[in-house]
Each structure stands twice: as C-alpha cells, then as structure tokens.
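J.: From the sequence below, what's the structure:
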Amino acid sequence: MLKEKQNLFKSAYLILDLLLTVFSFFLAYLFRNSEYLGLAHLMPISYYLILLYIVLPLWCFLLYFNKAHQGFRAQSFFQIIFPVFKTVFTGGLLLIGILFVFKIHTISRILVTLFLIVNLLLLVGERLCIKIVFQKMRQKGYNFRNILIVGTGKRAKAFARILNRHREWGMQVFGFVDQEPHFKENLIDGVKVLGFIEELPDILTQFQIDEVIFVVPKERLGSIEKSVLLCEEIGIKTRMAADIYLHKFAKISLEEIQGFPLLTFNPIPHPEGAILFKRAVDIVLSLVLLVFSFPLFLIIALAIKLTSPGSVFFKQERCGHNGKRFNVLKFRSMIEGAETSRDKLLKTNEMTGPVFKIKSDPRITPVGGFLRKFSLDEIPQFINVLKGEMSLVGPRPPMPAEVDEYDLWQRRRLSMRPGITCLWQVNGRNNIGFEDWMKLDLEYIDNWSNALDFKILLKTAPAVLMGTGS
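T.: Sure thing, here's the model as predicted:
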C-alpha cells in the first residue's frame, strides 16, 4: 500500500477491527448463554460490559504496537495475520491478568475464552476477505494507474517486474522511456519503450499516463530536472530514486516499494481522507438530486421529444482525470447531428483559445435554449458523477480536440476529476476569457478543500436559478 494512503487505511482498518472486537464479545456471550453448552445462564449482558472497557483500549494499543495494519496489500497472508495472533494472544494474557489482579472473579472464564477465539477468527477472516477482494479487483483491471518508467537499466527492469508481480497494488507499467541514447530494444518484458527522454512531452500528451517514475543511474539524476518539472507543470505525479528539485507547488514525500526508495512530487497534495469524503458527498448528493429531479427528468425528456426529432440525450467524448476519456451525458439542446456543422461556424466563435462557443448558436432548439439558460441540460451528468467519471465540483471536462491545443501548463487542470460546476461557472462563465478560465481552474486545484466545494455549490444554486451560470 502506498504511503500517502496508509494513514487513511490504517484508521479504517483499526475502526473495523474494534467493531469486530465488540461484535466478538456479543457473539461469545450469546454462544456461552445458549442451551447447546448445557451450562448455567449468565447474568444480563450489561453485567459483563466492563470487559469491553478493558479490551477496546488494550486492543487498540496492541494492534498499533504490533503493526497489524502495516503495508497491508504488499504483505503475504502470513505477514498480515501474524500481528493479529500476537495481539489476541498477548491481549488475552493481559486481560486474564487484569481480572486476576483486580479480583474480578464474577466474570466467566469460559466467556473470556470464547471471546478470544471468536475475536481471532473474525479478525483473521476480515483480513482474508479484504486481501481476496482487493486482489480480485486489481487482477480484473479495476482502479489501475498507468505507470511510465523513465530508465531502461537493470534497476528499472527489476522495479517494473516487482510492479508486474504485484498487480494487487493497482500499478500497471504502461511503457518505458529510454534515457540511454545507445539503447536499442523496443520491448522490455513485453512492455514497449515509447521513446527517448527528449520525447517525454509528446509521450505525456499522447498517452493517458497517471504517474511517471524515474529509475535512472545516480550519475544521471542531475540531467532529469527538466523532465521532472515538466511532469509537475502538466500535473502528473512523479516519483524518483533520489535527489530533490525546487518545486512551485508539488508536495514531496518519501516512499518505499520493496527496497526502492522513491521521492514523490505530487502536484495535487490533497489528503486522501478529504478526497474520500468528497467522493462520498458526490455519491450521496447526486443520488438524492437524481431521485428528486426524476419528475423534471421526464418532463424535459418529453419536451425534447415533442419539439424536435432525434434522441433525448446527447453523448460527447470528453477528457477526465489525467486525460482518461469518457462520454459526458446531457439533455440534447441542439438539432440532431449538430456536431457535423460545427466547422462551418468556427469563424463566429466568441471564446478565445481552443474552446468553441457562441451565444446565438443557430443549432440550438427553442427548448434547448431554455434548458441551457438554467443549466437543466446538465442534469444527466449526475449519472456521470455516480459512475465516478465526474464530481459535483471540479474543472469542466474538455473535449479531446481542445486538450490537443493546450499549452503544457494548462494540462494540469486534468490532474483533478472534472466537475459539473466550478469557479468558472459561478464567476460569469462566458464573460471570462480562456486564459482566465484556465487560471481559475488551477486556482481551484491549488486551494481545494471540501469547504471550498461547499461554497461553490452554494453560489451555483442562485447562478442556475437566475440563469447567469449558462
């Protein structure tokens, strides 16, 4: 497990462990008090809750001390469960010792024994389930990150093999970049060498790359500064074996993957817990909004169908996080086949830069004009949010043709999941030039917080109702 996510997962696993420990106590009590054992019934369960007051802080300390959540995904199953055995065994001895020292003889020793057995089985079972689920997800290709390795030497090859052996980490070697001019191979273990380091700008804009890892000889570290800063400018996370360069905004952290020390330069230095909370808010709010807007959904669909021939929905390919392409959903607001006539209207474009937009677009239908004025055409994008392709708040997803014309610094807006609304949306939208629009998106990325998202959502509501957000 990568270090930047360890604190979040450690906390989650610890909470889950403690919840299972509480459940173990109740399960052990029910089993001990059942008729199957043929023993005398216990006192009411409230009489034994003192055990939990002792066990929970003790287990919390022992799980932490035994490093029961250290490097979870990168460990073998034995390495994962051994700290659990130590925790339950040591905790059991200490628990019995505490009961003896304080002369708490009224607590059933059979109950304590059953609790320890059930707790051990549940904690081991929990880890087995988590490991299997995550491995299956990674092996099926879910949540993979495309890794570009700069370097073709022995260490670079060895590092790539480690990643390939551990698909459960979710890191897939997409290709290599050759730093050695004399290097002749086209494939390394079946993975393509995409070009030389001088071609890195073209490679990063041509392919969907999530991370770049520099594994180069020590004597060549000084020659890759330009390439590292290029990745930062574009907004792609970078890792390397050593050396530190000056960065404008990237957060630097040290990580290690099976003996390979890596310095990570993250241009999006946001806490994983905050990002997870943002995703949770996206799911809950988009689901609620879809449910409550369903009657409006039907009315709009009927209005589109009755007033113009063609489909109700409009799908368009857009670029999402790190350039990953997806189909954005909208209610159709133009005549059917409007995309084919776009080239004829390019001379009337009212936006600067690669973006195309005109206020009096002849392709917009009467119903479409109303939908656009109040941003109702974007309601289906809540489905994109539910699917994880978009967020409620974030830079608007651009079309691939627009991205092709971006300057390198402008590509950094792709380093965060796109959204339905953002600073540009609530600051005049069409009254802002392309350059200022890009700067607003980067300002949002650099200063992001869940509080900022909340403020933008509050400003979006009146902008939509007044028709100024279109």
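J.: When you work out contacts or count neighbours from here on, use the C-alpha atoms and nothing else.
T.: OK.
J.: Show me where the stretch 351-470 of the chain has its strands.
T.: 391-393, 419-421 (DSSP state E, counting those that start in this stretch).
J.: Quick one: distance of the strand or helix carrying Lys131 to the chain centre.
T.: Secondary structure from DSSP states H and E places Lys131 in helix 109-139. Distance of helix 109-139 from the chain centroid (Cα atoms, centre = their mean, to the nearest Å) equals 26 Å.
J.: Out of the strands of the stretch 351-470 of the chain, which one sits most buried?
T.: Ranked by mean neighbour count, the strands of the stretch 351-470 of the chain are led by strand 391-393 with a mean of 26 (mean count of other Cα atoms under 10 Å).
J.: Show me the shaky parts of the stretch 351-470 of the chain.
T.: The stretch 351-470 of the chain contains residues with pLDDT under 70 at 428-431, 467-470.
J.: hang on, the earlier thing: can the strands of the stretch 351-470 of the chain go into JSON lines with extra columns for distance to Glu256?
T.: Below are the strands of the stretch 351-470 of the chain laid out as JSON lines (distance: least, Cα to Cα, whole Å):
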{"stretch": "strand 391-393", "distance to Glu256": "31"}
{"stretch": "strand 419-421", "distance to Glu256": "33"}
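J.: Of the ones you listed, give the one that comes closest to Leu346.
T.: strand 419-421 (25.0 Å; Cα to Cα).
J.: Which elements pack onto the closest one?
T.: Contact analysis of strand 419-421 by 3 or more Cα pairs under 8 Å, 6 or more residues apart in numbering; DSSP states H and E lists strand 391-393, helix 450-465 as its packing neighbours.
J.: run the last query once more with 6 Å
T.: Under the contact criterion of 3 or more Cα pairs under 6 Å, 6 or more residues apart in numbering; DSSP states H and E, strand 419-421 touches strand 391-393.
J.: Not counting its own residues, what contacts the strand it packs on?
T.: Residues from elsewhere that reach strand 391-393 (Cα atoms under 6 Å, 6 or more residues apart in numbering): 282, 385, 418-422.
J.: Please repeat the previous calculation with a cut-off of 10 Å.
T.: Here strand 391-393 makes contact (Cα atoms under 10 Å, 6 or more residues apart in numbering) with 278-279, 281-283, 285-286, 381-382, 384-386, 416-423, 425, 444, 450, 452-454, 456-457, 460.
J.: Pull out the buried residues from the residues you listed.
T.: Burial by neighbour count, 16 or more other Cα atoms under 10 Å: within the contacts of strand 391-393 this picks out 278-279, 282-283, 286, 381-382, 384-386, 416-423, 425, 444, 453, 456-457, 460.
J.: just to revisit the earlier point, so which of the strands of the stretch 351-470 of the chain is nearest Ile197?
T.: Taking the strands of the stretch 351-470 of the chain one by one with Cα to Cα, strand 419-421 is closest: 33.1 Å.
J.: Describe which strands that closest one pairs with in its sheet and in which direction.
T.: strand 391-393 (parallel) (DSSP bridges).
J.: What is the subsequent helix or strand relative to the lowest-mean-pLDDT helix or strand in the chain?
T.: When each helix and strand of the chain is scored by mean pLDDT, DSSP states H and E, strand 251-257 comes last, with a mean of 70. Once the chain leaves strand 251-257, the next helix or strand it forms, by DSSP H and E, is strand 260-266.
J.: list the helices and strands that next one packs on?
T.: Identification of packing neighbours for strand 260-266 by 3 or more Cα pairs under 10 Å, 6 or more residues apart in numbering; DSSP states H and E yields helix 154-165, strand 211-214, helix 225-234, strand 237-240, strand 251-257.
J.: low-confidence ranges in the stretch 201-350 of the chain?
T.: Applying pLDDT under 70 to the stretch 201-350 of the chain flags residues 241-254, 269, 273, 350.
J.: if you set the cut-off to 50 instead, what comes out?
T.: Within the stretch 201-350 of the chain, the stretches with pLDDT under 50 are 243.
J.: quick revisit: any chance of TSV for the helices and strands packed on strand 260-266, columns distance to Phe326 and mean neighbour count?
T.: Below are the helices and strands packed on strand 260-266 laid out as TSV (distance: least, Cα to Cα, whole Å; neighbours: other Cα atoms under 10 Å):
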stretch	distance to Phe326	mean neighbour count
helix 154-165	27	16
strand 211-214	20	25
helix 225-234	20	19
strand 237-240	21	24
strand 251-257	29	15
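J.: Perfect, that will be all.
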